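In: Quick one, structure for this:
(2 chains)
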Amino acid sequence: MSEETRFYGSETSEEVIRTESLTKIFNSHLVAVDHVNFDVKRGEILGFLGPNGAGKTTTIVEAFNLKKTYLLGKVPVNALRGVNLKVESGDFLAILGPSGSGKSTLLNLIGALDKPTEGKMLIEGVDVSTLNDGQLANLRRRIGFVFQFFNLIPRFTARENVELPMAIAGLSGADRRKRAEDLLETVGLKERMNHKPAELSGGEQQRVAIARALANNPKFLLMDEPTGNIDSKTANEIICLIKRLNEDKAVTIMMVTHDQHLAGQSKRIVQMVDGSIIREGVN
Amino acid sequence: MKAQDILSYSFGAIRLRKLRAGLTTLGVVIGIAAIVALLSITQGLQATITRQLQTGFATNTLIVSTGGGFGAGFGPGAETGGAANSGFKLFINATQKISNLNNTNVETSMAIIQRAGWVGNGTTNRTTTIVGVNFTEYASIYSSTFVAESGTNGTIPLNPENETIVVGKRVSDPWKNETLFCNVNGDVEIIWINATTLPPKNETYAGHVAAVLKEIGGFGVFGPSDSSVYVPISQAQSFFGTEECNTIIVKLKNDDDATIDNVSNAIKEAFSDQVSVTSATAVRNILSSVFSIIQLFLTGIAAISLLVAGIGIMNIMIVSLMERTREIGILKALGMKNQTVLLVFLCESVIIGLIGAAIGIASGWVLANVVAVVFRGGGLFMGNQAATTGGMTITPLLTPTVTILALVFGVGVSAVFALYPAWRASKLKPVEALRYE
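Out: Numbering: from 1, shown residues only, chains lettered A, B, ... in the order given. Alright, predicted model coming up:
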């Protein structure tokens, strides 16, 4: 924890608060307070200054008063009604909410698949609304998507599916192939890499999709109900894989889910209802 | 995305829908094959006809006739100007008028009287053209073709008797098998139907064959022909009972365009624009422009089938676009740019166009040859005439230009018709595309 603390005030009077090596760790890995010592004396006014979330992390995603209205037939639907959100690197955010609460819309905006009607969506400080189609495409190459229905290309083998984003980014040759194989090994599918999606189980397909999402060293992973279409036993494996990616490889993950159990594995939960965030919490 | 990856992606998409891609390709194949077949046949025909015309072709001659230019060869009646209808007649002594021009470019001129008739050897009669010419002058103008066959086939008589005739090779040897219809020093019957009397009656006389011409080939439109019988002009005058000639052939000092124009104008002026003057060279040029028009017309018709193929491509690409909306959404979510999506779709269509054009060119060529064989063997329009006169054999001609044009055309049509579907694919919104079921 590199948060800087300063003390303001006089030099006399007795201490009211004294801390010694104050530490707080959330969920066994997110260190919020790390061995902080300070005293507060009578009559003192104490202020804490410093950036949000402190120096170990950088802000990746920042949303200000995000609104999205789209037309369902002729009826305008306010999918998002002013969402503010900030995600730091290394975070594992779960967005929870009933269907129609706007969580998928939020995820699409974060993934630069869509532009907000109002408000600002910053990815690494860049306002998505100001980007043209080509720049958006370039941005998407550095965002890893994992979809509920896997969305693999059926005629490609697992390896070719993982290679696809790299091919789109202009990579070719042996490096691309090697990286695809390595990624499939990471998700435990190396021996199945020459199978097409139709020959793989749902869980396996989703693991291929995760490997594909990781192909271009993404800034973060976006997951839309990653276990929504998988039986619960396999879902557990996927959850473990996702957690491992976040903890061991420090991959930032934002995930939309219905699944309370899956949400419970995240570091942070955002609860959405009717296009607004009604509650934010830390696990 | 690298070109190679785009190509293999497009190819993969085509392979996934083999039947559909195959049928679409078939459309292109038919269109291109039709164009290639028609073009190579007409080009072959043009080459054949030009070659035939040029056989025994004297570029330094002018043909003066009444009526239209083509009247010279194909009979009177072409209506250029009012000449044909004005009742103007060209007489044999008109050559005198041409000599009187004292034009330094004119070497000599001679009149020709010709009628359709028959030649008989006592057993059978064969149709022929009876041509009355001055043997000496005719031989000097057509020095390479109006010559007797070497060997025992006689010589062209310089001062022929009235009964003396010279026959073309096909008159003497019509079946090309050494079974002769008539031979040198033999006598044949010359027959003509005189329609100036009522009722029309056959006029005949016995001609004595002095020489058989060497084989010329070609149509003999602008000069000696294999299937004509040549008689002295004085004999023609009395036999046909006329002073009127069909054409006057003017031999020039050279075949420069300026010379041809100069003399043509001088002659027209001398005859008060009552005659038409045709240069053999001009006829050849007219013919080739006529062929260009025919080619354009036929290619246009064939192009319609290619157009239909193009619409087929467009149709199939739009269906494909709808089926693959989700796939396009995935590609876009993975960061594929709009123009790359456009290229992927265009590439699919171009591959189809390329394969279709290649197969189309090959099958068009085969088709052209099949047609040529049918023409040659079983007379579609030339009939048995083709076989007996030995005239027309079409050798289809496939020039590199036609090949390349067909290829470019096939690929071009495919690309153009895929533009709209490809553009639509490239403009799909990723969110909507991903949601598409």
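In: Which of the helices or strands spans the closest residue in space to B:I130 that isn't next to it in sequence?
Out: Among residues not flanking B:I130 along the chain, B:G117 sits closest, at 4.4 Å (Cβ to Cβ, 6 or more residues apart in numbering or on different chains). C-beta: built from backbone N, CA, C; applies to glycine. Using DSSP states H and E, B:G117 sits within strand B:106-120.
In: Next: A:L93.
Out: strand A:92-96.
In: Sheet-wise, list the partners of that strand with their directions.
Out: strand A:253-257 (parallel), strand A:268-273 (parallel) (DSSP bridges).
In: which of those strands sits most buried?
Out: Mean neighbours per residue, mean count of other Cβ atoms under 10 Å in any protein chain shown, is largest over the strands paired with strand A:92-96 for strand A:253-257, with a mean of 26.
In: From the chain's centre, how far out is it? Work that out for me.
Out: Distance of strand A:253-257 from its chain centroid, counting by Cα atoms, centre = their mean, to the nearest Å, is 6 Å.
In: coming back round to it: off-centre distance for the strand holding A:L93?
Out: For strand A:92-96, the distance to the chain centre is 7 Å (Cα atoms, centre = their mean).
In: could you check the angle strand A:268-273 makes with the next helix or strand along the chain from that strand?
Out: Scanning forward in sequence from strand A:92-96 by DSSP H and E, the next helix or strand is helix A:103-110. Per axes from the mean of the first three to the mean of the last three Cα atoms, to 10 degrees, the angle that helix A:103-110 makes with strand A:268-273 is 120 degrees.
In: is helix A:103-110 anywhere near chain B?
Out: Yes. Applying Cβ under 8 Å from any Cβ of the partner chain, one finds helix A:103-110 touching chain B at A:N108.
In: In the stretch 151-300 of chain B, what residue comes closest to chain A?
Out: Minimum separation of the stretch 151-300 of chain B from chain A (Cβ to the nearest Cβ) falls at B:T299, amounting to 39.2 Å.
In: Which of the helices or strands spans that residue?
Out: Going by DSSP H and E, B:T299 is in helix B:280-323.
In: burial count for the residue nearest to B:N103 when sequence neighbours are not counted?
Out: Once flanking residues are discounted, B:N103 sits nearest to B:A266: 5.4 Å by Cβ to Cβ, 6+ apart. When neighbours are counted by other Cβ atoms under 10 Å in any protein chain shown, B:A266 registers 17.
In: what separates B:A266 from B:T123, distance-wise?
Out: Going from B:A266 to B:T123 by Cβ to Cβ, to the nearest Å gives 50 Å.
In: Quick check: residues of the stretch 1-150 of chain A near chain B?
Out: Proximity of the stretch 1-150 of chain A to chain B is confined to A:108, A:111, A:113-114, A:133-134, A:137-143, A:145, A:147 under the rule Cβ under 8 Å from any Cβ.
In: repeat that with 7 Å
Out: Taking Cβ under 7 Å from any Cβ of the partner chain as the criterion, the stretch 1-150 of chain A approaches chain B at residues A:N108, A:L113, A:D114, A:D133, A:G134, A:A137, A:N138, A:R140, A:R141, A:F145.
In: List buried residues within the residues you listed.
Out: Buried residues within the residues of the stretch 1-150 of chain A next to chain B, defined by neighbour count using 16 or more other Cβ atoms under 10 Å in any protein chain shown: A:N108, A:L113, A:D114, A:A137, A:R140, A:R141, A:F145.
In: Next up, phi/psi of the residue nearest to the fifth one when sequence neighbours are not counted, please.
Out: So the one you mean is A:R140. Leaving aside its sequence neighbours, A:R140 sits nearest to B:G335 (Cβ to Cβ, 6+ apart; 4.1 Å). Here is the backbone geometry of B:G335 (degrees, to the nearest 10): phi 100, psi 20.
In: if I look at the closest residue to A:V187 other than its chain neighbours, how far off is A:I123?
Out: Nearest non-adjacent residue to A:V187, counting by Cβ to Cβ, 6+ apart: A:R207, 4.1 Å away. As judged by Cβ to Cβ, A:R207 and A:I123 stand 26 Å apart.
In: between the two, who's got more neighbours?
Out: Counted by other Cβ under 10 Å, A:R207 and A:I123 do not tie: A:R207 has more neighbours, with 26 against 23.
In: At which residues are the strands of the stretch 1-150 of chain A located?
Out: Secondary structure of the stretch 1-150 of chain A by DSSP state E, counting those that start in this stretch: the strands cover A:15-18, A:22-26, A:30-36, A:39-41, A:59-72, A:75-88, A:92-96, A:118-123, A:126-127, A:143-146.
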